[in-house]
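Enquirer: Give me the fold of what follows.
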Amino acid sequence: MNHKKLTVMMLGLFVGILILGAGRASANVKTLIVDDNLACPGATFTSIQAAVNAANPGDTIRVCPGTYVEQVTIPAAKNSLTLRSEKPLAAIIKAPPTMAGQKAVVRVNGANGVSILGFTITGPGDGPCDTIRYGVLVDGNGSALIRGNHVTEIHDTPFSGCQNGIAIDVGLSANPGSAQVTRNIVDNYQKDGIAINGGGSVAEVTDNDVTGIGPTSVIAQNGILVRGGANALVRHNEVSDNIYTPQTFSSSGILLFQPGNVSVDHNKVSRNDLGIAADNTTSSVIITHNRATNNTFDGFDLLLGTTGADVSHNTSLNNGFDGIFVDASSTNNSITKNRMRGNAVFDTEDQSVGAGSCGTGNTWSHNNCVTDNKGGCLCSNDHDSGDDEEEDSAEQNSAAPRARAASTQTGQASRAPSP
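Expert: The predicted structure is shown next:
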């Protein structure tokens, strides 16, 4: 078996064991009911934090519809605690006017096997900079299942260029966390939608809908960020509308910045500056079966010394610069069986020099494309790669005018991501 695929399989198994098996519950588990006015049958708490404080490991806290203006922290002594909105998204946990500590609306700080299910978790902060940092934070070697929530409005007031405002964050630089982040709606964040940070942090990020605020001159956003040695599986997400209009830096749909071992597969990224970008990446990275369309610059990028990446079976359509771009410093990568069409500058561009394909420092094979910066050498035009051609053709026709207009920006904008 390919060593990279084996690494990813083991990572997925580790995440599952960590989340489902950690923190055995006691035999006398109970259900605590929270309602902000005690109108719900059986409710004995008016705040979620009060119920957390009273709970034992393994208990369930059911939260009735209402708005709960508070920060909720689940400490290490509360393993296997379940927080569940009685009605999906009807229990709203809202940031108070003044945020304390790590300035997270909900924080799992050292507890293992916590579940956070079906809430609306919202800001905003009440001031112009660093008034709110996280919607959900998992740190202190804690682990959590974060599923079916709407995490929104995690930003300062007014929306600012300060580098805070992350909707869901797993791990801090020297303070790891682990999580399964699945089926959430994430929008109106300031800096990042979902971030996995730091060595020792592990996450599986699946089936989320992550939407930036659209074109803005205020801050360079990222939809999903894996950085600083964190390990992650990122799959089946839809990420869009992360665009920084000054173009001095780039927003990204999915950004890998000096990560650990990462697999990025079956995601759809559209209307970002960069679709999926690997920046200064030297670990085991697999980018496969993703679809990147209508991004300002490129569909896929390998940047700043990225090496050893496997980029295969992806589709890249109608992006403003290139379908796949590899800079001069990124070598020893494998780019195979991808499909690129309708990209404004080149379908494929490799600026490296070496003993690889077409005089580059990388291996290119079986890519189905039309234009490249090597006189057609990088495009083999095989027909066994990418997604359905009929769907591709319809998407090209609808977006071609935007792609042509964007091509005039070459040389005036920066592909440098903003992690």
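
Enquirer: Skipping its backbone neighbours, what lies nearest residue 225 in space?
Expert: In space, and not counting its chain neighbours, residue 225 is closest to residue 195: 4.4 Å by CB to CB, 6 or more residues apart in numbering. For the C-beta atoms, the positions are set from N, CA and C on the backbone; glycine is no exception.

Enquirer: give me every residue that touches that neighbour.
Expert: 166, 168, 169, 170, 222, 224, 225, 226, 227 (CB atoms under 8 Å, 6 or more residues apart in numbering).

Enquirer: burial of the last one, as a residue count?
Expert: The criterion is other CB atoms under 10 Å. On that basis, residue 227 has 24 neighbouring residues.

Enquirer: How about the second one?
Expert: If you count neighbours by other CB under 10 Å, residue 168 ends up with 32.

Enquirer: Over to the fourth one?
Expert: Number of residues near residue 170 (other CB under 10 Å) recorded here: 33.

Enquirer: Please verify my assumption that it contacts residue 177.
Expert: Yes - at 4.7 Å, residue 170 counts as touching residue 177 under the criterion of CB atoms under 8 Å.

Enquirer: Now for those two: what residues contact both?
Expert: In contact with both residue 170 and residue 177: 138, 201, using CB under 8 Å, 6+ apart.

Enquirer: what's the burial count for residue 53?
Expert: As a burial measure, residue 53 scores 12 neighbours (other CB under 10 Å).

Enquirer: what helix or strand is it on?
Expert: Assessed by DSSP states H and E, residue 53 sits inside helix 48-54.

Enquirer: residues making contact with that helix?
Expert: Applying CB under 8 Å, 6+ apart, the contact partners of helix 48-54 are 32, 34, 45, 61, 63, 68, 70-74, 78, 81, 83, 93.

Enquirer: Put the buried members of these into a ChimeraX selection.
Expert: Applied in ChimeraX, the following selects the buried portion of these according to 16 or more other CB atoms under 10 Å:
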select :32,34,45,61,63,68,70,71,72,73,74,78,81,83,93
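
Enquirer: Cross the contacts of helix 48-54 against strands and list the overlap.
Expert: Per DSSP state E, strands hold the following members of the contacts of helix 48-54: 32, 34, 61, 63, 68, 72, 73, 74, 83, 93.

Enquirer: Could you single out the nearest of those residues to residue 109?
Expert: For these, the closest approach to residue 109 (CB to CB) belongs to residue 73, at 5.7 Å.

Enquirer: Any idea what the closest residue to the closest one other than its chain neighbours is bridged to?
Expert: In space, and not counting its chain neighbours, residue 73 is closest to residue 107: 4.7 Å by CB to CB, 6+ apart. According to DSSP bridges, the partner residues bridging residue 107 are residue 73, residue 137.

Enquirer: State the number of residues packed around residue 107.
Expert: 25.

Enquirer: show me the contacts for it.
Expert: Contacts of residue 107 (CB under 8 Å, 6+ apart): 71, 72, 73, 74, 101, 134, 136, 137, 138, 139.

Enquirer: which ones are touching residue 227?
Expert: 195, 196, 197, 198, 255, 256, 257, 258, 259, 419.

Enquirer: Tell me, what's the model's pLDDT at the closest residue to it other than its chain neighbours?
Expert: Excluding its sequence neighbours, the residue lying closest to residue 227 (CB to CB, 6+ apart) is residue 257, at 4.2 Å. At residue 257, the model reports a pLDDT of 98.

Enquirer: next one: residue 11
Expert: 55.

Enquirer: try residue 415
Expert: pLDDT at residue 415 comes out at 89.

Enquirer: So it sits against residue 302, correct?
Expert: No - counting by CB under 8 Å, residue 415 does not reach residue 302; the two are 10.7 Å apart.

Enquirer: Now for these two: what residues contact both?
Expert: Joint contacts of residue 415 and residue 302 (CB under 8 Å, 6+ apart) are 277, 325, 327.

Enquirer: among the residues you listed, who's most crowded?
Expert: residue 277 (33 neighbours).

Enquirer: what helix or strand does it sit in?
Expert: Going by DSSP H and E, residue 277 is part of strand 274-279.

Enquirer: Give me the helices and strands touching that strand, please.
Expert: strand 252-257, strand 285-288, strand 291-293, strand 298-303 (3 or more CB pairs under 8 Å, 6 or more residues apart in numbering; DSSP states H and E).

Enquirer: a markdown table please, covering those and showing distance to residue 89.
Expert: Listed next are those as a markdown table, based on distance: least, CB to CB, whole Å:
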| stretch | distance to residue 89 |
| --- | --- |
| strand 252-257 | 25 |
| strand 285-288 | 32 |
| strand 291-293 | 28 |
| strand 298-303 | 33 |
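
Enquirer: looking at those, which is closest to residue 184?
Expert: strand 252-257 (15.4 Å).

Enquirer: and residue 122, what is it in contact with?
Expert: 92, 93, 94, 95, 105, 135, 150, 151, 152, 153, 154.

Enquirer: any idea how far residue 116 is from the residue lying closest to it once chain neighbours are set aside?
Expert: Nearest residue to residue 122, sequence neighbours excluded (CB to CB, 6+ apart): residue 153, at 4.7 Å. Separation of residue 153 from residue 116 (CB to CB, to the nearest Å) stands at 17 Å.

Enquirer: out of those two, which sits in the busier spot?
Expert: The residue with more neighbours, out of residue 153 and residue 116 and counting by other CB under 10 Å, is residue 116; that gives 29 against 24.
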